[in-house]
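Asker: sequence below, structure please.
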Amino acid sequence: MLSVGFWSVQQQTRVLPVPWLLDTIVNKLVEEAVRTGVTICHNKNVIEISHEGAVRHILFNNGDGK
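Answerer: So this is what the prediction gives:
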(Lines give C-alpha, C1' and ligand atoms only; values in the text may rest on other atoms or scores of the structure.)
Protein backbone atom coordinates (compact mmCIF):
# COMPACT_ATOMS: atom_id res chain seq x y z
CA MET A 1 0.00 0.00 0.00
CA LEU A 2 1.30 3.48 -0.91
CA SER A 3 1.45 6.17 1.69
CA VAL A 4 -0.32 9.44 1.01
CA GLY A 5 3.01 11.32 0.98
CA PHE A 6 4.53 9.00 -1.63
CA TRP A 7 1.42 9.17 -3.80
CA SER A 8 1.32 12.97 -3.79
CA VAL A 9 5.03 13.20 -4.72
CA GLN A 10 4.60 10.67 -7.54
CA GLN A 11 1.47 12.45 -8.77
CA GLN A 12 3.30 15.80 -8.85
CA THR A 13 6.20 14.40 -10.89
CA ARG A 14 3.74 13.17 -13.50
CA VAL A 15 2.02 16.54 -13.80
CA LEU A 16 4.96 18.93 -13.51
CA PRO A 17 7.73 18.59 -16.12
CA VAL A 18 11.38 18.62 -15.13
CA PRO A 19 12.57 22.27 -15.30
CA TRP A 20 15.46 21.58 -17.71
CA LEU A 21 13.10 19.69 -20.01
CA LEU A 22 10.68 22.61 -20.05
CA ASP A 23 13.58 25.00 -20.79
CA THR A 24 14.74 22.75 -23.63
CA ILE A 25 11.27 22.66 -25.17
CA VAL A 26 10.87 26.44 -24.91
CA ASN A 27 14.33 27.05 -26.38
CA LYS A 28 13.57 24.78 -29.35
CA LEU A 29 10.26 26.58 -29.96
CA VAL A 30 12.01 29.97 -29.84
CA GLU A 31 14.71 28.77 -32.25
CA GLU A 32 12.11 27.47 -34.69
CA ALA A 33 10.04 30.65 -34.47
CA VAL A 34 13.06 32.88 -35.13
CA ARG A 35 14.18 30.60 -37.98
CA THR A 36 10.81 31.08 -39.68
CA GLY A 37 10.89 34.87 -39.35
CA VAL A 38 9.22 35.59 -36.03
CA THR A 39 10.58 38.55 -34.07
CA ILE A 40 10.52 38.01 -30.32
CA CYS A 41 10.35 41.22 -28.27
CA HIS A 42 11.13 41.33 -24.57
CA ASN A 43 9.94 43.91 -22.04
CA LYS A 44 7.54 45.62 -24.44
CA ASN A 45 4.02 46.86 -23.73
CA VAL A 46 1.71 46.58 -26.74
CA ILE A 47 -0.94 49.27 -27.13
CA GLU A 48 -2.22 48.46 -30.64
CA ILE A 49 -2.19 45.54 -33.07
CA SER A 50 -3.18 46.13 -36.72
CA HIS A 51 -4.23 43.05 -38.65
CA GLU A 52 -6.09 41.82 -41.68
CA GLY A 53 -6.25 38.11 -40.98
CA ALA A 54 -2.53 38.20 -40.11
CA VAL A 55 -0.77 40.73 -37.90
CA ARG A 56 0.50 43.65 -40.00
CA HIS A 57 1.81 46.09 -37.38
CA ILE A 58 2.32 46.24 -33.62
CA LEU A 59 2.60 49.58 -31.80
CA PHE A 60 4.34 49.68 -28.43
CA ASN A 61 3.71 52.20 -25.66
CA ASN A 62 7.13 53.83 -26.22
CA GLY A 63 6.21 54.67 -29.84
CA ASP A 64 8.24 51.87 -31.44
CA GLY A 65 6.52 49.76 -34.02
CA LYS A 66 7.17 46.44 -35.69
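
Asker: where do the strands sit along this protein?
Answerer: With DSSP state E as the criterion, the chain has strands at 46-52, 54-60.

Asker: right, so those: which one is the most enclosed?
Answerer: With neighbours taken as mean count of other CB atoms under 10 Å, the strands of the chain reach their highest mean count in strand 54-60, at a mean of 11. From N, CA and C alone the C-beta is placed, and that goes for glycine too.

Asker: and that strand, how far from the chain's centre?
Answerer: Centre-to-centre, strand 54-60 and its host chain are 19 Å apart (CA atoms, centre = their mean, to the nearest Å).

Asker: got it, and stretch 35-55?
Answerer: Counting by CA atoms, centre = their mean, stretch 35-55 is centred 14 Å from the centre of its parent chain.

Asker: and the end-to-end length of it?
Answerer: 18 Å (CA to CA, to the nearest Å).

Asker: what mean pLDDT does it get?
Answerer: Averaging pLDDT along stretch 35-55 gives 85.

Asker: tell me the domain boundaries of the protein?
Answerer: For the chain, automatic domain parsing gives the domain ranges 1-35, 40-66.

Asker: from one end of the last one to the other, what's the distance?
Answerer: Domain 40-66 has an end-to-end distance of 11 Å (criterion: CA to CA).

Asker: ok, residues contacting stretch 35-42?
Answerer: Identification of contacts with stretch 35-42 by CB atoms under 8 Å, 6 or more residues apart in numbering yields Val30, Ala33, Val34, Phe60, Lys66.

Asker: in it, which residues are buried?
Answerer: Of all the residues in stretch 35-42, not one is buried under the rule 16 or more other CB atoms under 10 Å.

Asker: what about it, start to end distance?
Answerer: First residue to last in stretch 35-42 (CA to CA) measures 17 Å.
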